[in-house]
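*Asks:* Structure, please.
(2 chains)
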Amino acid sequence: MKELNEIQADMPSAEDAPLNDNTAALTDADINRIAPSRGERLFLILSIFIGGLSGLLVVCFRISIEWLRVLLLGSVPHPGQYRLLLIPMTVGLLVGLLVKYFFPQARGSGINQTKAALYIYNGYISARTMIGKFITAALAIGSGQSLGPEDPSLQIGAGIASLIARRLHLSRERLRLFAPVGAAAGLAAAFNAPISAILFVIEEVIGAWSAAVLGSIVLAAVSSVVVARAFWGAQPMFRIPAVTLRDNRELLAYAVLGIVGGFAAVMFSRLLGVLRPWLRSLPEWTQVLQPAGAGLLVGCVGFFGFPEVMGAGYDTIDHAMHGEYLWHVLLALAILKILATTVSFSSGTPGGMFAPTLFIGAMLGASVGSFEKHFFPHLTGSVGSYALVGMGVLFAAFLRVPLTSVFMVFEVSGNYSIVLPVILANTIAYLLARSLQPIPIFEQLTLQDGLNLPSMEEAREETALRIEDAIHPVEGPTFSGTDTAAAIAAKLEEQKTAEQTADIVLIRCSSNRWYVMTAAELTKILQAGAGLDQPIEEILPQDRVPYLYPDLPLNETLAYFPHWPLLPVVNRAVSGLLEGVVSQADVLRCYQDHAHLH
Amino acid sequence: MNSTLTARNAKNRKLLSPAERNLRRKLIFQDSLVLLSLTAITICIAVLTYFFFHSFREHRRVLEKRWFARGEMALAAAHPQDAVQDFRSALSLSSANRDYEMALAEALAAAGQTDEAYAYFSNLHDAEPGDGFLNLQLARLAVRRKDPAQAIAFYHSALNGSWHGQGAELRLQIRLELAKYLLSLGKISAAQGDLLTAEGNSLDRPSALFEIADLLKQAEDPSDAWEAYRRVERHSRANPSQIQQALLGEARAAISMGQYKRAALALDRFEIKAHQHPSASTPKEKREVSQQLGQLKRMLQLIPFYGLQPIQHAKRLLVEANIAHQRLQSCLTQIQTETASGDGGIDGGIHATDLSALESQWEAMAHIQPSALAQDAAAQQSMTDWTSQTEIVTSNFCGAPTGDNALLLQLALVPDKTE
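*Replies:* Numbering: from 1, shown residues only, chains lettered A, B, ... in the order given. Predicted structure coming up:
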């Protein structure tokens, strides 16, 4: 990864220059003052442009891969062709050199780079990285490396978004948000599936549903898909066979698929976890040669009988989905693809893991389906259903995006009747993979790269503390706003015990809002002597404790402690009804206990 | 609403200094310029992408056609394994092409890759379950996979499926194929049903009828086979060869039914037709027919038909019984000789005992006069039974009979069918 200060030096600085005729020198605050809605409008309009341009670039990227594949490996690679050994190795060497000396940021899949752009570099992705990714990933995948074009497409989309946003001098916050917008556009075009792309970006890149960015992400994703479909057509990526659930007993087979997929995902993940750091720990000079070595190994797999493993493998997925392979061939393809992708990806060759994940999932699914069809012919639906569910299973278990995985299957199949098998198998696979391999693959890769990006899976599961977690019952006396100061003092005197006096008094004012009065405040009023017979709320200052409800996040209380020593928490249904109180000490204790538990 | 917005904008404008308003205008102008440039860049990239995309698509199309043509050539040259590779290549370049899929599936079947071909056809079948051709291919593959239940189901689906153009003719062929398959499985009655349906569908097609008739005969339904041969004869006026074959079939079917008169009539007509059109049948066939006709005529002289005068009937019964008795005596002598020389082993003694029992039965009937026999139905039946039993037993112990005894044995084996 490029050093932070190096990247920040590349970035335009926002200077606090005095307002002059030069619009380039305007600060965010100046722009906000003279054109307050500019940022928001431009953000939306640019999202459409980003979507359109991403769509076009992704189409070019995919065509480049296809052209290179035809030129380098021939229209249809067959086992036994010597170029299957030679080409991936030679092109791997070229890619290694390009990545080492020209495009160091193009290494890897592109998802973590996009996340890094969002969380570390304020949305900055250089044009060089984008161009480098385009060229090196196209060369690598076109020459047969077992990688996919989706993740690079995501980075290309994020790159073009960053490039455009920088030209418009938008605020740092918006600049940062353009990266996920572009990422969604790139992924949507690559997948021809806008909903999955949107969900993936939200689930894996941003990690939360943000109203500020959701509209733009949707606009960008939709416009990129419109552009991509103008070229590829509206049909899904794969020809989807009739997808049916014939018999509920078949769900058992889908559950088996979930288990198989879960184990396969763990195996894939662990192999990457072992091989990638090992290859990265080798001497620097070997890193140029690693893509060539990976190319040779993948070429060997193709040369000795399984050229389907080379490249992204969409055709093979399509054929598997139509039951055109026997179950043992499908199983062999899945295992070989795991090995080939592990080697290709670990070598630092630019390219993504989406397509290989889909490939492995489809092969495993079709294998389970074919096996079942062979041995229980009356029980199963089409093999295509299993392949489709298998894709979702690996997606959920390996990439750890359960929601995206379910919607991806719906979107790719255009069929809702597969809902039960998908949810069942994906959930089993996801839970199994999570329990066997707690660190998700993207986090694993981030840690290997020495970065510390937020884990989206953890973020999703983080239990937010609420006021109710720190609340305790009211211990001191409470009074009505109509009580006089003298009456309050008398009552306090009455309740006074030998050990303690009440330091804080809660007063319910006529608007059903509470005032928290300290003993010192009461003493001051009594000493002043004026208006002692008046209702106390008339003497008290006009500010009141804001309404705080038990279900609100606990951090909302923090802003009020400098002013109020104790915060009353009220019922949502009965206005002013006291549920309890929280003090700063309670809040701190609650956070400490929570940290202790986790 | 609009008035509120306008008022707010006016307030904003009022709040801005002239320099700020100027900057704002500049900002809007710059943004518009950037958006215009972006539009221009998008258009340029779109045009480039368009040409790039179409050049690639065209290239792909050329490649896929080339692979498909190569596959067809390989298949025509009986190299199905090469054809499989070529069609696979074509298909990988155009995965949605049904023609390529079909060609690949056929090539796989021709190459003996039954399971793969089955998978391909199953997949195509999933998309079009009512397609007759696909069902037929699956049925044939199921036959190869030794899965009779699936094969029969697919054959029926093929019969009920859609056929474009020549449906009737194809359905008839499939039904015959199914019937043959059923016969090979020993499912005679199912085969008969399909053959009778096929017969009803091919009344004006003598060659099909001829095949059906042959199959009906194999399906142990000589009666319907005879009818079918008759139809062939009627509908084959312009084809002397087929008429002669049909007549031979009629004769054989009639013999199977024990209807020797009919058989003889058919063979008589065969001889006439063969005389009229000598080239329509082979000399061997003619020789065989002549020989068979002779036997039939002799058989007709021997058989005590029910339509005969009682005395004639009784005389024929006696003639048959005498022939059988002569065979019995010669057989008995043969057995005794073999037993005496030790060649007959232990069984020889048992055979001799059985034959002696028959001889003693004969002695009880030997002196009956034709006039008495004509009056005694029970004696007629006993004599008929004795004759049949003698022919069967002697054929078991003393080898296959010849001449009249062979004819009597034939009658003995199908007593109920005999006219």
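
*Asks:* Doesn't B:Asp204 belong to a strand?
*Replies:* No: counting by DSSP: H, G, I helix; E, B strand; the rest coil, B:Asp204 is not part of a strand but coil.

*Asks:* okay, now it: neighbour count?
*Replies:* A count of neighbours around B:Asp204, defined by other C-beta atoms under 10 Å in any protein chain shown, yields 9. C-betas here are computed from N, CA, C, even on glycine.

*Asks:* Chain A: strands as residue ranges?
*Replies:* A:478-480, A:504-508, A:514-518, A:566-570, A:578-583 (DSSP state E).

*Asks:* In JSON lines: the ones you listed, plus mean neighbour count and mean pLDDT.
*Replies:* As requested, these are arranged in JSON lines below (neighbours: other C-beta atoms under 10 Å in any protein chain shown; pLDDT from 0 to 100):
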{"stretch": "strand A:478-480", "mean neighbour count": "16", "mean pLDDT": "86"}
{"stretch": "strand A:504-508", "mean neighbour count": "21", "mean pLDDT": "86"}
{"stretch": "strand A:514-518", "mean neighbour count": "21", "mean pLDDT": "87"}
{"stretch": "strand A:566-570", "mean neighbour count": "24", "mean pLDDT": "90"}
{"stretch": "strand A:578-583", "mean neighbour count": "20", "mean pLDDT": "89"}
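
*Asks:* Export these to JSON lines and append columns for distance to A:Gly531.
*Replies:* Below are the strands of chain A laid out as JSON lines (distance: least, C-beta to C-beta, whole Å):
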{"stretch": "strand A:478-480", "distance to A:Gly531": "16"}
{"stretch": "strand A:504-508", "distance to A:Gly531": "15"}
{"stretch": "strand A:514-518", "distance to A:Gly531": "15"}
{"stretch": "strand A:566-570", "distance to A:Gly531": "24"}
{"stretch": "strand A:578-583", "distance to A:Gly531": "26"}
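
*Asks:* do you know which of those strands lies nearest chain B?
*Replies:* For these, proximity to chain B was assessed by C-beta to the nearest C-beta; strand A:566-570 is nearest, at 34.3 Å.

*Asks:* Now do the closest one: which elements does it pack against?
*Replies:* If you count contacts as 3 or more C-beta pairs under 8 Å, 6 or more residues apart in numbering or on different chains; DSSP states H and E, strand A:566-570 packs onto strand A:504-508, strand A:514-518, strand A:578-583.

*Asks:* where does chain B have low pLDDT?
*Replies:* Within chain B, the stretches with pLDDT under 70 are B:1-15, B:203, B:280, B:305-306, B:342-352, B:414-419.

*Asks:* Now tabulate the helices and strands packed on strand A:566-570 in CSV and tack on distance to A:Ser281.
*Replies:* Shown next, in CSV, are these (distance: least, C-beta to C-beta, whole Å):
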stretch, distance to A:Ser281
strand A:504-508, 60
strand A:514-518, 60
strand A:578-583, 50
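
*Asks:* A:Asn248 is nearest to which of those strands?
*Replies:* strand A:578-583 (46.9 Å; C-beta to C-beta).

*Asks:* Spatially central residue for chain A, please.
*Replies:* Central residue of chain A (C-alpha atoms, centre = their mean): A:Glu204, 1.4 Å from the mean position.
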